[in-house]
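Trainee: using only what follows, build the 3D model:
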Amino acid sequence: MVKEIEEFKRLILENDIVAIKRKIKNVEDPKICNDILSMTSSKEITDIVKDWMYSISSESGVSKGDINCINKYFGADQTKNKIISLFFEAISNNIDSPDYEKVALVSIKLEAVISSLNKSKDAKLVRSKYLNLKDKSNPILCKSVYEGIISPEKFISMSQEEMKSDLLKEKEEDFIKKSLFDSQIAKKEAETDMFFCTKCKQRKATYRQLQTRSADEPMTTYVYCVCGNTWKFS
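Mentor: Numbers count the residues shown, from 1 in each chain. A predicted model of the protein is given here:
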């Protein structure tokens, strides 16, 4: 990447427009484009690079016109620009018919919170927030951030657990309960005639008891009849 940037620096100094047009088409990383923009004041070269950035961005579903909404807010700090771009892309692609100006402002506010916490170089944090915003299986989170239901400050401070969708939390809870059951952590398992099966009218069943809630609450009893019927109670 350094070698590639140095090559562009040489071409810019030589004002070799033809070579720049040809070489820019091999660039896939938007960060390199931002680095090139920071090296020139030439409007012609700037337009060439920005046009290529638009074509890269369009692959993610964001059009040239939409990208303009965010580019006009960019400053000299390329790290901040990159973070804003990531949030803009994630939100734009996870909201139906978004207002791109609104997406741009939300993205800027999110980056501002990260900067205020001196976390701009915390790649792990930025990546986590970016991936959660673009997660198609959890559109409610993205929509809540977009509509201001979750403030930028709140979103940036949310843990991975807090950002999970309700469906994922429910699946994980079911998995934990099943794992506890399958690993024989049950307090009891025994055959008994204590329970009457309403399906087969017999009293032939086994049961287990699990502490599925807090320790000061009654255990949940799971009953398994020989006929295949199952039920539970606390």
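Trainee: all helices of the chain, in order?
Mentor: In the chain, the helices defined using DSSP state H lie at 2-13, 17-24, 30-37, 43-58, 64-71, 78-92, 100-116, 123-133, 139-146, 152-157, 160-163, 166-182.
Trainee: deepest of these, which one?
Mentor: helix 78-92 (a mean of 22; mean count of other CB atoms under 10 Å). From N, CA and C alone the C-beta is placed, and that goes for glycine too.
Trainee: how's the protein carved up into domains?
Mentor: 2-167, 171-233 (automatic domain parsing).
Trainee: follow-up on the earlier one: would JSON lines of the helices of the chain with mean pLDDT and distance to residue 227 be doable?
Mentor: Formatted as JSON lines, the helices of the chain follow (pLDDT from 0 to 100; distance: least, CB to CB, whole Å):
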{"stretch": "helix 2-13", "mean pLDDT": "87", "distance to residue 227": "71"}
{"stretch": "helix 17-24", "mean pLDDT": "91", "distance to residue 227": "72"}
{"stretch": "helix 30-37", "mean pLDDT": "78", "distance to residue 227": "63"}
{"stretch": "helix 43-58", "mean pLDDT": "72", "distance to residue 227": "61"}
{"stretch": "helix 64-71", "mean pLDDT": "63", "distance to residue 227": "61"}
{"stretch": "helix 78-92", "mean pLDDT": "91", "distance to residue 227": "52"}
{"stretch": "helix 100-116", "mean pLDDT": "93", "distance to residue 227": "57"}
{"stretch": "helix 123-133", "mean pLDDT": "89", "distance to residue 227": "46"}
{"stretch": "helix 139-146", "mean pLDDT": "94", "distance to residue 227": "42"}
{"stretch": "helix 152-157", "mean pLDDT": "95", "distance to residue 227": "51"}
{"stretch": "helix 160-163", "mean pLDDT": "84", "distance to residue 227": "40"}
{"stretch": "helix 166-182", "mean pLDDT": "64", "distance to residue 227": "20"}
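Trainee: residue 233 is nearest to which of those?
Mentor: The minimum distance between residue 233 and those falls on helix 166-182, with 15.4 Å, by CB to CB.
Trainee: so what's the spatially most central residue of the chain up against?
Mentor: Among the residues of the chain, the one closest to the centroid is residue 132, at 1.4 Å (CA atoms, centre = their mean). Applying CB atoms under 8 Å, 6 or more residues apart in numbering, we find residue 132 in contact with 138, 141-142, 163.
Trainee: make CSV out of the helices of the chain and add distance to residue 226.
Mentor: Formatted as CSV, these follow (distance: least, CB to CB, whole Å):
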stretch, distance to residue 226
helix 2-13, 71
helix 17-24, 73
helix 30-37, 64
helix 43-58, 63
helix 64-71, 63
helix 78-92, 53
helix 100-116, 58
helix 123-133, 47
helix 139-146, 44
helix 152-157, 52
helix 160-163, 41
helix 166-182, 19
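Trainee: right, and those - which one's nearest residue 203?
Mentor: Using CB to CB, the helices of the chain put helix 166-182 closest to residue 203, at 22.9 Å.
Trainee: distance of the residue nearest to the centre of the chain from residue 166?
Mentor: 14 Å (CB to CB, to the nearest Å).
Trainee: then residue 51?
Mentor: 43 Å.
Trainee: give me the number of residues near residue 219?
Mentor: Residue 219 has 16 neighbours, counted by other CB atoms under 10 Å.
Trainee: and what of residue 40?
Mentor: Neighbours of residue 40 (other CB under 10 Å): 19.
Trainee: of the helices of the chain, which is nearest residue 192?
Mentor: The nearest among the helices of the chain, by CB to CB, is helix 166-182 at 18.0 Å.
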